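Colleague: structure for this input, please:
(one chain, ligands or ions: 2)
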Amino acid sequence: MRFKLKNTFIQELPADSIEENSRRQVYKACYSFVSPKTTENPELIHTSKEVLDLLGISEKEAKSKDFLNIFTGNQLIENAKPYAMCYGGHQFGNWAGQLGDGRAINLAEIENKGDIWALQLKGAGPTPYSRTADGLAVLRSSIREYLCSEAMHHLGVPTTRALSLALTGDNVLRDVLYNGNPAYEKGAIVCRISPSFLRFGNYEIFAAREEIATLQQLVDYTISNFFPELGKPSKKTYLKFFEIVADRTLDMIIHWQRVGFVHGVMNTDNLSILGLTIDYGPYGWLEGYDYNWTPNTTDRQHKRYRYGNQANIGLWNLLKLANALYPLIEETASLEAILENYKVTFEKKYHLMMKSKLGLFIDSENDKTLISDLENNLHLSETDMTLFFRSLSEISKNDSPKEAIKKISHAFYKPQDITASIEEKWLRWFQAYSLRLKEEPLQDTDRLKKMNLFNPKYVLRNYMAQLAIDAADKGDYTVLEELFELLKHPYSEQKQSEKWFAKRPEWARNKVGCSMLSCSS
Ligand code: AMP
Ligand code: MG
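Modeller: Ligands and ions are numbered 1, 2, ... in the order given. Have a look, this model is predicted:
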């Protein structure tokens, strides 16, 4: 297997002068050279055909010993120098100091068909940034990252991608709920790819340490490699750069809201500078439509990263990034204007996104009220987000409110909860909705087709990922395989897979992994 190396990161940015792989603070450097840990008995579980294509790896090569060895840490890509990146971050609202790639190792950046991809192993052993942890990952969390990042791509949500999922053959000790019950789990490694894995925290660390020269080097590197259209570095360029990052972050979050994805740990070290969804940890998918829902039990008390708060947190994180870039820009008002604009743009884009989910494509006066009334109704009793919106497209302009309710009623988790007063509110809403639909020039069938491009039929519900994990733990990868294929076409009808277009089963309501997830991975 031959790769065309394009190692801009290590060529253009300062390295840690110490090459020893010991846990420590790393100063005035963007990364440390470190090799992956060799693995005991690696075994490849799955590869993404599409990502192989992106990288120019043939299917035959993907079955080779070289592939297995490279993507499980036992062999280096020829002439490559693997490294772990140095970053800091605000975790749950507080500055946490140096974090860094504690269990991620960049193997190389390669070029294929004009695109550059950084290849990164997650779970490949300790680095100088591992702090008190082991640098490893378990099968459970690796399956979750592998399946979800590819599923997000197919949903049209900006994301890092995943090339491969492998067992290491080593056992890894984890306390799943942090409640004093550690147990051994199977170790695994995902190889994920992205044009860059830079996060807000990469910039914050240098600002916090007042290493302004390195900060500037990193920002200039980012602009010249990933935003070349901005031209030569200057204060103006830095501002424009920040503005684009703000736009991309917002667009990503609007997509999350559209599909019902809750990231779970939106710390500034988990926000990509390219506006990609990154670091799939205790994320989850909304089942009941609920602004207050978070899958992350570590965040149960304050629910900082709940579904309804993701856009606010995006803004909070951008403020931290603005502070980090300030020494290069020194113009508070201009930075504030960009943050102010985020709020205004959010309102506009969110409104447009919700209109599309409702099949409302022309302008009309009362859409704001129609949308907020719907959001209120969806909170009246537990109502499945995916089922509701997908079924909404089946409603015809001429349906009576009663007929309309019938079409979406399978989205109600507990039909007995629909009291007369709740039903009344729904009847009123559907009355208003059907009147509004009559203003739309599209025929029902055309509107359905268009709406279905905004409302996925299949998402990786938390219990589905858990079923894949439970089977894989026993060496059975058929569910994983099935879900991987299913989620390649989330907007298409897949008649043979109708069983996945259903509410979360009751057994999954309070099960670990299905409704309760922690950062332990
Ligand atoms: P996260 O919130 O999972 O993205 O991780 C926060 C920080 O903890 C990052 O610096 C990670 O590299 C580090 N980290 C998480 N898990 C491990 C682990 N098992 N070993 C070493 N570092 C880890
Ligand atoms: Mg992270």
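Colleague: and this protein, which residues reach ligand 2?
Modeller: By C-beta under 5 Å from the ion, the residues of the chain that approach ligand 2 are 270, 279. C-betas here are computed from N, CA, C, even on glycine.
Colleague: ligand 1 contacts on the chain?
Modeller: Counting by C-beta under 6 Å from any ligand atom, the chain comes close to ligand 1 at 99-103, 129-130, 133-136, 265, 267, 269-270, 279, 281, 519.
Colleague: what pLDDT is listed against residue 515?
Modeller: pLDDT recorded at residue 515 is 79.
Colleague: so it versus residue 278, what's the distance?
Modeller: Between residue 515 and residue 278 the computed distance is 24 Å (C-beta to C-beta, to the nearest Å).
Colleague: with neighbour numbers in mind, choose between these two.
Modeller: Using other C-beta atoms under 10 Å, the more surrounded residue of residue 515 and residue 278 is residue 278, with 23 against 18.
Colleague: what's the closest non-adjacent residue to that one?
Modeller: Using C-beta to C-beta, 6 or more residues apart in numbering and skipping the chain neighbours, the partner closest in space to residue 278 is residue 272 (4.4 Å).
Colleague: and the one you found, how far is that from residue 158?
Modeller: Applying C-beta to C-beta, the value for residue 272 to residue 158 is 8 Å.
Colleague: just residue 320 next, same as before
Modeller: 20 Å.
Colleague: out of these two, which sits in the busier spot?
Modeller: Legend: neighbour count by other C-beta under 10 Å for residue 320 and residue 158, higher for residue 320 (21 against 17).
Colleague: so the more buried one makes contact with residue 91?
Modeller: No: using C-beta atoms under 8 Å, residue 320 is not in contact with residue 91; the gap is 11.3 Å.
Colleague: for the closest residue to ligand 1 within the stretch 101-250 of the chain, what are phi and psi?
Modeller: Nearest to ligand 1, among the residues of the stretch 101-250 of the chain, is residue 102, at 2.3 Å (C-beta to the nearest ligand atom). For residue 102, the backbone dihedrals (degrees, to the nearest 10) come out as phi -80, psi -20.
Colleague: so where do the helices sit in the stretch 401-521 of the chain?
Modeller: Counting by DSSP state H, counting those that start in this stretch, the stretch 401-521 of the chain has helices at residues 401-408, 420-437, 444-451, 462-473, 478-486.
Colleague: and the second one, what does it pack onto?
Modeller: So the one you mean is helix 420-437. Helix 420-437 sits against helix 367-378, helix 401-408, with contacts defined as 3 or more C-beta pairs under 8 Å, 6 or more residues apart in numbering; DSSP states H and E.
Colleague: skip ahead from the first one and say which helix or strand is next.
Modeller: When you say that, I think you mean helix 367-378. Counting by DSSP states H and E, the next helix or strand C-terminal to helix 367-378 is helix 385-392.
Colleague: for that next one, which helices and strands make contact with it?
Modeller: Using 3+ C-beta pairs under 8 Å, 6+ apart as the contact definition, the elements that helix 385-392 packs against are helix 332-358, helix 401-408.
Colleague: the last one - what's its average pLDDT?
Modeller: It refers to helix 401-408. 97.
Colleague: single out the residue in the stretch 301-450 of the chain that lies closest to ligand 1.
Modeller: residue 305 (11.0 Å).
Colleague: quick one, what contacts that residue?
Modeller: Neighbour list for residue 305: 262-266, 294, 296, 299, 313 [criterion: C-beta atoms under 8 Å, 6 or more residues apart in numbering].
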